[in-house]
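Chemist: fold the following, please.
(2 chains)
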Amino acid sequence: MALKLELLKSSPYFSGLSSIELEAISRLVFEKSYGQGVVIVLEGEVAEALYFVASGAVKVFKTSVDGKEQTLAVIRPQETFNEVPVFDGDVNPASAQAMTPVTLYGIRRSDIENILRSYPYVAINVIKVMAGRLRHLVALVEDLSFRHVIGRVARILLEYTADGASPGPRLTQRDMAAMAGTAREVVSRSLKTLEKDGFIKMDRHRIIIKDREALNNIVSPLFETKVTDG
Amino acid sequence: MMPQIDKEKCNGCGLCVSVCLQHSLMLVDGVVVMVEEVECDWCTQCEAVCDSGSISCPFEIVREQ
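Modeler: Numbering: from 1, shown residues only, chains lettered A, B, ... in the order given. Below is the predicted model of the structure:
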């Protein structure tokens, strides 16, 4: 109970509420635990509840018909997921999977409606949270649709390939994301695509360039020059 | 080769420890450390869940021999 209250208190959804109000809301909260890798929410299914992550991390993702996966967000403690279907009454727009063992606090859809009616202040907080989510997703849409991120990643790989005489700089996916002006999730997917296409091979901490010519061909036209051998 | 840890940045949340399928990480005195005898398979999930940016899984980019 105390943990539940602490989590609700620290959630942006319920900031500004009194202890009595929080306690009333906490009576509507149920707890669920999942093992690592378990799919908590499946895209296309009816949503039961809004979830707060109490401990662990949850990956929210979409899967294409040909099996490609795009991570939309990593949800950490005190953050929430599954808002959209809970508020619009439609099915889950994405799936969610436990990246670690997770404990969630959930509030059922019907209870959420009652909370919003009883505590209008929460509705303002919800709008703020949803606006933040929308901003994140708009940026992701921009990355995925308008920017040729895979070309930028290819260029980074070509540019930072060790010359053979000395080790080249070592880059994290976060470094590459910062260089390409995109999100780490998009870099991760780009690397997977390049590997699937046979242009690179991921070998533990090494990225092996298998086909420089192919990488050169997909370098974004935004860049003036291609990276040449030598 | 093991992931790099910036102990100054680590907030001890432990998400990296629980995401690691190889059990290559553990918390000691509230700070993440590598378990030296376990080989990391470089899945980079620890870097992905780390909100404080304290874990890095850098790649060396090399040509095919």
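
Chemist: name the nearest residue to the residue most central in space within chain A, sequence neighbours excluded.
Modeler: For chain A, the residue nearest the mean C-alpha position is residue A:73 (1.4 Å; CA atoms, centre = their mean). Once flanking residues are discounted, residue A:73 sits nearest to residue A:60: 4.7 Å by CB to CB, 6 or more residues apart in numbering or on different chains. In short, each C-beta sits where N, CA and C put it, glycine included.

Chemist: how far away is that neighbour from residue B:53?
Modeler: For residue A:60, the distance to residue B:53 equals 21 Å [CB to CB, to the nearest Å].

Chemist: these two - which one has more neighbours?
Modeler: Neighbour count, other CB atoms under 10 Å in any protein chain shown: between residue A:60 and residue B:53, residue A:60 has more, with 20 against 12.

Chemist: sec struct for that one, please.
Modeler: strand (DSSP: H, G, I helix; E, B strand; the rest coil).

Chemist: was I right to think it contacts residue A:81?
Modeler: Yes. Using CB atoms under 8 Å, residue A:60 makes contact with residue A:81 at a distance of 5.5 Å.

Chemist: list the residues that contact both of these two?
Modeler: Residues within reach of residue A:60 and of residue A:81 at once, by CB atoms under 8 Å, 6 or more residues apart in numbering or on different chains, are A:73, A:75, A:96.

Chemist: which single one of those is nearest to chain B?
Modeler: The shortest gap between chain B and any of the shared contacts of residue A:60 and residue A:81 belongs to residue A:75, at 10.0 Å (CB to the nearest CB).

Chemist: ok, and the closest non-adjacent residue to residue 30?
Modeler: You didn't pick a chain, so chain A it is. Nearest non-adjacent residue to residue A:30 (CB to CB, 6+ apart): residue A:106, at 5.3 Å.

Chemist: to clarify, I was referring to chain B.
Modeler: Leaving out its chain neighbours, the residue that sits closest to residue B:30 by CB to CB, 6+ apart is residue B:12, at 3.7 Å.

Chemist: can you report phi and psi for the one you found?
Modeler: Backbone torsions of residue B:12, given as degrees, to the nearest 10, read phi 70, psi 20.

Chemist: ok, now residue B:57?
Modeler: phi -120, psi 80.

Chemist: that one: neighbouring residues, count only.
Modeler: For residue B:57, using other CB under 10 Å, the count is 23.

Chemist: any chance you could map the helices in chain B?
Modeler: B:15-19, B:45-49 (DSSP state H).

Chemist: so which of the ones you listed comes closest to residue A:13?
Modeler: helix B:15-19 (21.1 Å; CB to CB).
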